[in-house]
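>>> Provided below for reference: sequence and predicted model.
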Amino acid sequence: MNPRHIEFVVAVADHRSFTRAAEAVHVSQPSLSHAIAEIEETLGTPLFQRLGRSVSLTSAGEAFVESARLVLRDLAVLYACVKSVEELRAGTLEVAAPHASAAELLARLVGEFRSHHPGVKVRIQTSENLHDIERFVRTGRCELALTLEAVEPPLLAEVIGREEHVVIFPPGTKLKRRPLKHADLAGLSMIVPTGVYEYYGGLALQIASASEAPMVAVETESRQALIPLVLAGAGFTFLPRALAEGATRQGVVMAELDPPMRRDIRLVTRPGPLSPAAKVFVSLARASTTPGARK
């Protein structure tokens, strides 16, 4: 089976359109349609359902695409290894990460990587859902990921840094002291993002006083809404220090916690060989490891 034709199937699955897929892989639509028809004939089953101008995967198509991504990823590793003498003058490195968490470290690593290899494009896939991030790496959609959570085998993970979270309050909030003790937050209204509620809920237990914990006043699916909600007086929330420091310019009141709240940042990979670009990124990540972070 022609690897290029496998790429065509994945492109249609991603774009849900033969026309857009053909544009993405730089072939004519008739050529793409013919190639996919040949694959379907070889397999003896349709991979797509045609629904007007859009298409969707059949159950056979879903199984094919999941395996196809891994095949294409492994082929990319093979081709890249053969061409590694070209010193990473081209190509794409795909990295998965949470929407906001680990952003400072990720930005620093991407910037350093690009300074060494300006010909390599970096594509970042984001999600707040750990299962999505695991799936991106496991299925080959992304080669690497940064996450604040432990991942399930067979994925591999190593701690490369720590991210400190601080508290932000509405403008004009008067604090008794800084840094704040965990008990200082007892009984206050807390804003939490959906999808990481278990982490925030666990944190609420950590900072609870003997009688009461912070009250979850607002739960939002949008991380981007956290700062506006705090600015509007809806309650307090936790943010990575870098984001919180930026928000102080908008008027929020920032405070550190005593003891500090820090989370490990993990670099996630699949078992097996990495592309040359991924190897360089991993080396940079290990070299920049926060002192004391590696276990």
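Cool, the structure landed. Numbering: from 1, shown residues only.

>>> residue boundaries of the strands in the chain?
Taking DSSP state E as the criterion, the chain contains strands spanning 48-51, 54-57, 92-97, 121-126, 144-147, 156-169, 180-181, 189-193, 215-220, 237-240, 253-255, 257-258, 261-269.

>>> against T237, how distant is the spatially closest residue to R178 that is not a sequence neighbour?
Once flanking residues are discounted, R178 sits nearest to A255: 5.1 Å by CB to CB, 6 or more residues apart in numbering. Backbone N, C-alpha and C define where each C-beta goes, glycine included. For A255, the distance to T237 equals 12 Å [CB to CB, to the nearest Å].

>>> how long is stretch 125-135 end to end?
11 Å (CA to CA, to the nearest Å).

>>> I'd like the mean pLDDT over it, please.
Stretch 125-135 shows a mean pLDDT of 89.

>>> cool, stretch 112-120 as well?
93.

>>> count the neighbours of R114 for me.
Residues lying near R114 (other CB atoms under 10 Å) number 14.

>>> ditto for V9
Counted with other CB under 10 Å, V9 comes out at 24.

>>> that one contacts S67, correct?
No - under the criterion of CB atoms under 8 Å, V9 makes no contact with S67, lying 10.6 Å away.

>>> rewinding a little: which one of A255 and T237 has more residues nearby?
Neighbour comparison, A255 and T237: the larger count goes to T237, with 26 against 19 (by other CB under 10 Å).

>>> which residues touch the residue nearest to that one when sequence neighbours are not counted?
With CB to CB, 6+ apart as the criterion, T237 has its nearest non-adjacent residue at 4.2 Å, and that residue is I191. Residues in contact with I191 (CB atoms under 8 Å, 6 or more residues apart in numbering) are 217-220, 226, 229-230, 234-237.

>>> distance-wise, check I191 relative to L130.
When I191 is compared with L130 (using CB to CB), they lie 21 Å apart.

>>> which secondary element of the chain has the worst mean pLDDT?
Least confident helix or strand of the chain, by mean pLDDT, DSSP states H and E, is helix 197-206 with a mean of 52.

>>> any idea how far E87 is from G119?
E87 is 9 Å from G119, by CB to CB.

>>> same check, this time on S17
30 Å.

>>> more neighbours: which of the two?
Comparing S17 with G119 by neighbour count (other CB under 10 Å), the higher total belongs to S17, at 16 against 11.

>>> scan the chain for its longest helix.
helix 59-82 (DSSP state H).

>>> look up how far V167 lies from P260.
11 Å.

>>> okay, the two: which has more neighbours?
Neighbours were counted for P260 and for V167 using other CB under 10 Å; V167 has more, 27 against 12.

>>> tell me who's in contact with the closest residue to the more buried one other than its chain neighbours.
Residue nearest to V167 in three dimensions, not counting chain neighbours: A255, with 5.0 Å by CB to CB, 6+ apart. When contacts are counted by CB under 8 Å, 6+ apart, A255 touches 166-169, 175, 178-180.

>>> okay, the residue positioned nearest the centre of the chain: pLDDT?
With distances taken as CA atoms, centre = their mean, A97 lies nearest the centre of the chain, 1.9 Å away. On the pLDDT scale, A97 is placed at 93.
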